[in-house]
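In: 3D model of this:
(chains A, B, C and D, ligands or ions: 2)
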Amino acid sequence: MKNSGYYSQFGGAYIPEILVPTFDELESAYLVAREDESFWQEYIDLMSTYSCRATPITRLDNLTEQLGGANVYVKREDLNHTGAHKANNVMGQGLLTRRMGKTRVIAETGAGQHGVATATMAAKFGFDCTIYMGAHDVARQRPNVFWMEQMGATVVAVTEGSQTLKDAINEAFRDWVSNMDDTHYVLGTACGPHPFPEMVSWFQSIIGIESREQMLERTGKLPERVYACVGGGSNAMGIFGGFLEDKGVELVGVEAGGRGRGQGQHAARLAYDDATIGVAQGYKTYFLQDNDGQMQDTHSVSAGLDYVGVSPILSHMHETKEVRFEAASDTEVVEAMQRTVRNEGLIPALESSHAFAQAYKEAPDMSSNEDILINMSGRADKDIFTVADAVHDPKWQQFIIDKAEAYRAEMQNG
Amino acid sequence: MKNSGYYSQFGGAYIPEILVPTFDELESAYLVAREDESFWQEYIDLMSTYSCRATPITRLDNLTEQLGGANVYVKREDLNHTGAHKANNVMGQGLLTRRMGKTRVIAETGAGQHGVATATMAAKFGFDCTIYMGAHDVARQRPNVFWMEQMGATVVAVTEGSQTLKDAINEAFRDWVSNMDDTHYVLGTACGPHPFPEMVSWFQSIIGIESREQMLERTGKLPERVYACVGGGSNAMGIFGGFLEDKGVELVGVEAGGRGRGQGQHAARLAYDDATIGVAQGYKTYFLQDNDGQMQDTHSVSAGLDYVGVSPILSHMHETKEVRFEAASDTEVVEAMQRTVRNEGLIPALESSHAFAQAYKEAPDMSSNEDILINMSGRADKDIFTVADAVHDPKWQQFIIDKAEAYRAEMQNG
Amino acid sequence: MAKSPTTLELAIRKAREKKDILLMTHIVLGYPNFDDSLRVVEDMVKAGVDLMELQIPFSEPMADGPVILKANSEALKAGATVEKSFAAAERITREFDIPFLFMTYYNILFCYGVDEFVSRCKSAGITGCIVPDLPPAEGQQYLDAMHAAGISPVHIFTPKTPETRMRHLSDNSSGMIYCVARKGVTGKDTAFSDDLSEYLELCRSSTDLPLGVGFGVKSREDIDFLRGKVDIAVVGSETIRVMEQDGVGAVKGFIETLVA
Amino acid sequence: MAKSPTTLELAIRKAREKKDILLMTHIVLGYPNFDDSLRVVEDMVKAGVDLMELQIPFSEPMADGPVILKANSEALKAGATVEKSFAAAERITREFDIPFLFMTYYNILFCYGVDEFVSRCKSAGITGCIVPDLPPAEGQQYLDAMHAAGISPVHIFTPKTPETRMRHLSDNSSGMIYCVARKGVTGKDTAFSDDLSEYLELCRSSTDLPLGVGFGVKSREDIDFLRGKVDIAVVGSETIRVMEQDGVGAVKGFIETLVA
Ligand SMILES: Cc1ncc(COP(=O)(O)O)c(C=O)c1O
Ligand SMILES: Cc1ncc(COP(=O)(O)O)c(C=O)c1O
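Out: Ligands and ions are numbered 1, 2, ... in the order given. Sure, this is the predicted structure:
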């Protein structure tokens, strides 16, 4: 294992010794695939027959007019099979898993999107599948758990630590150190030990490659700004990946501002200054941790941005100022979601709504010759419980109460 | 108004006198659009930027092998924006509504898919929107109601009659006869008075046109059989529309067999012999009615196939034997859905699963040189309540009961 | 096309000789049950009603508003059938000497057999039919059978109907024309305004048949408004509403307020 | 690269003169509290333990199984900090005359400052460190500081480690090598089998440093199996499990069954 996978000081592979050969194997499989043009073609073919790549770009006609500034375009990752950009990474790693001759996949999941995507990929490729999910998230995201189980995956509720995403990642590593022979760990974002940040970004770069071409075709020029929400950073790396060489394109990463600044109130590692550099979960980056290096609780209305770390590549781009980082608050995010739903008929996931919120803040100050592109990383219609709670819909609550009554009656009668 | 819109004895326009000018206007707007190539181009552009047309075709590798007969291909209408083929029709009618200068749309909905699609289109086009939905369906399909309301639509629970789809259609007509000046009624399937069956089929034919081309490109030949579920008949007309001239392609429409033959047990108007010809909801076709012509209750595990009538064009094609009609039972359908989820990672709507069920019955008796194509009209992940009930998931029930407790506590505390 | 006047038209013209406006009412057969239907007819006739529409209930009464809609479905729930409706009509026409029309939807005729339905109307003493979901273009067989039997097919004029189509409808009608006073379904309020007068003038000039006006007519004032403009005022939902609120016995008193 | 033996290595070699296998145990500092940690150390030393690993708790103990994982998070909940851990270690090394090693994850060092951490180890009397998520390739600064301070960086051999890498790890280690007996995390059962013997032979031939074996060692029989094959048997999770089941006082008795 070479000392590689650094982006200035960030990244690396801080892994238990027993996984070193596994990472060597993974890295070389990845590098071979990356060299092999037929692999990328196989990936494109899969994504355009099993999912609907190229995903389209939609112009928000009504909101562009309302905002009165830049033209607002949206890259529609919500149209992917399983409803988010997570599918890209997962299918790519599925192909790699098959190449490595492994027959089982494991994954962590927070919001459940990556879990559903992985379970779907496993069903398609015929792999066994175990998904680790914080017990808190299992309780919050039952619909996703239901679908994972329908796909044949085993969902393990992780009761350790804060019972959320980072604990699920630890638990997945614990599985992997026991089962690396037949098992590939499908990490869900551009984090973790090398080569994950780079590999996941590579698979997700399909978003940016398509977007660049589509925007050129559509508007005859590149957009002035590109917005993406940042949890682990995979959808952001994906869309930014298409514009890295384009000096005129400003890249904006939007983190979970939650209830505002202050440890425990948000999950903004780069936009706020509550995070410090550390090493955990196998890599070095900015973490929301205390002085001792203990990870702290985070908060966000969206389960998928609620993570203590962030892609080392984005930490690097933060320092080089290649990417500007902002944070959107829970309230702004729910408003942006509702505004998008009502005016355009698009239902951005709460995660993606962070990018929309920031874009809506900035668009009015831009000119009508300028274009902005928002990455709609996923759709919210699977998160109906979260969304209904976020907008406090009393009719939904009544429906659930009635449904519970019916189930209770059914249980008593049979 | 001309006496037109007949397919042998089926079809027509049996409408209240007050709507005659409205139908004349609609018919001529439709005919003009149909002649005008730029309209179809506008429609294609909209569908390929707002939804993800062309939707792909997926080969079911695992099930093809398991079934051991024909190669099974699936047309992925589930990937459409809002999750079903309903989007095609709705966006087409949206363009027409704008052309006619109307500012308000109304629609009926049963399962809620068409309601969500219409509310979405209204948000996109800036129309006011009212959706009529049987009170029973409102209770069963709350998630869809939630999203329609989020889109800004008014959802009216229809408490008349059997409180299901047909009553919602009647109620929509009652709205229309009052508000035809500014309102277009976006009928959701290939039924109703002329020109709806033909117009809806025209918009949906985009499915079949794409499919034919894609299958040729993919396999070098046309499929031997094409399967579609049949509620009102719009997704079936859509996919069949691509193959009408192809003598070698057998078209199979699959109706809701429910609990089996016998009035009230199913919604199979053509595959079983419980339906007779009648005139209701503005058109002549086979209806599940009694000797007096009173409509009867129907049953299906899927709310979207649960309709008393059927497209007059399909009744015609039934008589001419251009389409073979079969019925799949509730049990077969749930099994087919689960099988598809587990082996391929696709989640067909319960409606679409009827087509899968029939295809799975027939594929083993075909040869490996033969191909079949199934129209996956929609995805089931929005129907989680229905699906969880159909598969009797106790963990889901417990989740709902716990969630209800939490809501109750919240209501008491604030 | 000059047609010789039908039984219905003759009856209307004759009644008009004595009154400057006639009153037509509407009931749903079998609602709340057939006995009550008969009793209401009797009360209405005694109170001075000149013509009546008898609605054969249908499960999908698309053109009807909430009141009549509910009456239709309650009648069906209580066991109303087409056969029972004919039997009731037969008895009614035997006992009461005013013109009775059937109102129903086309599926009832279609499933019964259009020719059979018309000949059964004839034997039941019915003088006209209103089928709101059957435009002339779809109803040739019906029109032929009706004309042959001397029963009047009554079509509908609406404020949306262009003059040429009024003529077309009139050509295919006999007995009378039913003018709906406004857009919408039965049972909602109507503004009795200058617009309405203008519309009725157009109706008047487009046909030689007697004109009835319905939809939202419910009081003495409404009828006074119509007097001199048309031949017949049709009170539909309002009588059913009265019956529901105050009982079958209250209908007579209500009608008397209208014709007094 | 021939290195002069470190304090840790010398202590191990010296103890080995008297015993054919040494016993190393593992505790998590601050679990359930620091007082109990001290008491357990005292009991263990009295019962005859030869070396001890003191784990500084970390919120993300990726390589640990359920027992130690829980001990980490309970210790943190009870208020354990790195400073308190150093203070406890200082007192322990002062009071007890066996070698003590720190075991922790790299973030603890990184956030403390690697050089500061190592010099603090030195002043606290710590003789070695095990940092399971820090491969030599990532740890040059750590290795340099450790070597300079004469504290042993202990690396890990696993059944998956190829011989060349074992040599590389050995080159970057001093004091001892920690051989994990199997795949997986701490605290699960291990099969003491021929496969294990073969693996240990490979370990033996790949380094001149003393070998310790851990992961799943929990009984007299396990230790007997290891006797003659390696220098040190490491009992980790099992002592914590005993403590949880039967109380802090039971640890001594358990250790005595191992060394008897
Ligand atoms: C829809 C959606 N967007 C964004 C994210 C955040 O992940 P990432 O930052 O890796 O794109 C998630 C994670 O679950 C997600 O589901
Ligand atoms: C997914 C899906 N498929 C099929 C149908 C049935 O409609 P049709 O027969 O018009 O395609 C529905 C109706 O709601 C639907 O939602």
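In: use CA for all of it now, contacts and neighbours both
Out: Noted.
In: which stretches of the chain have low pLDDT?
Out: Unless you meant another one, I'm taking chain A. Residue ranges of chain A with pLDDT under 70: A:1-3, A:414.
In: was after chain C, sorry
Out: Residues of chain C that meet the cut-off, pLDDT under 70, sit at C:1-2.
In: could you pick out the residues of it near chain B for me?
Out: Applying Cα under 8 Å from any Cα of the partner chain, we find that chain C lies next to chain B at C:58-65, C:69-70, C:73, C:81-82, C:106-108, C:110-112, C:132-135, C:137-138, C:156-161, C:183-185.
In: ok, now with 7 Å
Out: Chain C comes close to chain B at residues C:58-60, C:62-63, C:73, C:81-82, C:106-108, C:110-112, C:132-135, C:137-138, C:156, C:158, C:160-161, C:183-185, as judged by Cα under 7 Å from any Cα of the partner chain.
In: among these, name the ones in helices.
Out: C:73, C:82, C:106-108, C:110-112 (DSSP state H).
In: adding neighbour count, write these out as a markdown table.
Out: Below are those laid out as a markdown table (neighbours: other Cα atoms under 10 Å in any protein chain shown):
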| residue | neighbour count |
| --- | --- |
| C:73 | 21 |
| C:82 | 21 |
| C:106 | 26 |
| C:107 | 28 |
| C:108 | 25 |
| C:110 | 19 |
| C:111 | 20 |
| C:112 | 18 |
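In: quick one: residue C:208 from residue D:37, how far?
Out: In this view, residue C:208 and residue D:37 are 110 Å apart by Cα to Cα, to the nearest Å.
In: what about these two, which has more around it?
Out: Applying other Cα atoms under 10 Å in any protein chain shown to residue C:208 and residue D:37 shows that residue D:37 carries more neighbours, namely 21 against 15.
In: so that one sits against residue D:44, correct?
Out: No - judged on Cα atoms under 7 Å, residue D:37 makes no contact with residue D:44 at a distance of 10.5 Å.
In: how about the closest residue to chain C within the stretch 201-350 of chain A: what's its closest non-neighbour residue?
Out: Nearest to chain C, among the residues of the stretch 201-350 of chain A, is residue A:342, at 29.3 Å (Cα to the nearest Cα). Of all residues not flanking residue A:342 in the chain, residue B:151 sits nearest, at 4.4 Å (Cα to Cα, 6 or more residues apart in numbering or on different chains).
In: name the element the residue nearest to residue C:125 when sequence neighbours are not counted belongs to?
Out: Nearest non-adjacent residue to residue C:125, counting by Cα to Cα, 6+ apart: residue C:93, 5.8 Å away. Remark: residue C:93 resides in helix C:82-95, with elements defined by DSSP states H and E.
In: ok, residue 56 - contacts?
Out: Let's take chain A. With contact set as Cα atoms under 7 Å, 6 or more residues apart in numbering or on different chains, residue A:56 has these partners: A:75-76, B:48-49, B:52.
In: ah, no, chain C please
Out: Counting by Cα under 7 Å, 6+ apart, the residues that residue C:56 touches are C:28-29, C:82, C:85, C:102-104.
In: ok, is stretch A:310-329 in contact with ligand 1 or not?
Out: No - judged by Cα under 6 Å from any ligand atom, stretch A:310-329 makes no contact with ligand 1; its nearest approach is 7.9 Å.
In: just the CA trace of that stretch, in PDB.
Out: The C-alpha atoms that make up stretch A:310-329 are tabulated as PDB, following Å, rounded to 0.1, in the frame of the first residue of the first chain:
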ATOM      1  CA  VAL A 310     -16.600  15.800   4.800                       C
ATOM      2  CA  SER A 311     -14.900  14.700   1.600                       C
ATOM      3  CA  PRO A 312     -11.100  15.300   1.900                       C
ATOM      4  CA  ILE A 313     -11.100  16.500  -1.600                       C
ATOM      5  CA  LEU A 314     -13.600  19.200  -0.700                       C
ATOM      6  CA  SER A 315     -11.600  20.200   2.400                       C
ATOM      7  CA  HIS A 316      -8.800  20.600   0.000                       C
ATOM      8  CA  MET A 317     -10.800  22.700  -2.400                       C
ATOM      9  CA  HIS A 318     -12.100  24.700   0.500                       C
ATOM     10  CA  GLU A 319      -8.500  25.700   1.300                       C
ATOM     11  CA  THR A 320      -7.500  26.300  -2.300                       C
ATOM     12  CA  LYS A 321     -10.800  28.300  -2.600                       C
ATOM     13  CA  GLU A 322     -11.700  26.300  -5.700                       C
ATOM     14  CA  VAL A 323     -15.100  25.800  -4.000                       C
ATOM     15  CA  ARG A 324     -17.000  28.400  -1.900                       C
ATOM     16  CA  PHE A 325     -18.900  26.900   1.000                       C
ATOM     17  CA  GLU A 326     -22.100  28.200   2.400                       C
ATOM     18  CA  ALA A 327     -24.700  26.900   4.900                       C
ATOM     19  CA  ALA A 328     -28.500  26.900   4.600                       C
ATOM     20  CA  SER A 329     -30.600  26.700   7.700                       C
END
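In: follow-up on the earlier one: how far is the helix holding residue C:93 from where the chain is centred?
Out: Mean-position distance between helix C:82-95 and its chain equals 16 Å (Cα atoms, centre = their mean, to the nearest Å).
In: by contact count, what packs against it?
Out: Contact partners of helix C:82-95 among helices and strands, from 3 or more Cα pairs under 7 Å, 6 or more residues apart in numbering or on different chains; DSSP states H and E: helix C:114-124.
In: the helix it packs on packs against which elements?
Out: When contacts are defined as 3+ Cα pairs under 7 Å, 6+ apart, helix C:114-124 packs onto helix C:82-95, helix C:140-149.
In: what about residue C:14, neighbour count?
Out: Look at residue C:14: counted by other Cα under 10 Å, it has 11 neighbours.
In: contacts only, for residue A:349.
Out: Taking Cα under 7 Å, 6+ apart, one finds A:378-380 in contact with residue A:349.
In: filter those residues down to the ones close to chain C.
Out: When contact is defined as Cα under 7 Å from any Cα, these do not meet chain C at all.
In: from the residues you listed, pick the one nearest ligand 1.
Out: Of all the contacts of residue A:349, ligand 1 sits closest to residue A:378, with 3.7 Å by Cα to the nearest ligand atom.
In: what ranges do the helices span in the stretch 1-150 of chain A?
Out: Along the stretch 1-150 of chain A, counting by DSSP state H, counting those that start in this stretch, helices occupy A:20-35, A:37-49, A:61-67, A:86-99, A:113-125, A:135-140, A:142-150.
In: contacts for the third one?
Out: Put plainly, it is helix A:61-67. By Cα under 7 Å, 6+ apart, the list of residues contacting helix A:61-67 from outside reads A:70-72, A:343-344, A:363-364.
In: for that helix, list every residue counted as buried.
Out: A:62-64, A:67 (16 or more other Cα atoms under 10 Å in any protein chain shown).
In: now the strands for chain A?
Out: Secondary structure of chain A by DSSP state E: the strands cover A:6-7, A:10-11, A:57-59, A:71-76, A:104-109, A:128-134, A:154-158, A:183-185, A:225-229, A:250-258, A:276-280, A:283-287, A:323-329, A:371-376.
In: now do the stretch 151-260 of chain C
Out: Secondary structure of the stretch 151-260 of chain C (DSSP state E, counting those that start in this stretch): strands at C:152-154, C:156-157, C:177-180, C:211-214, C:232-235.
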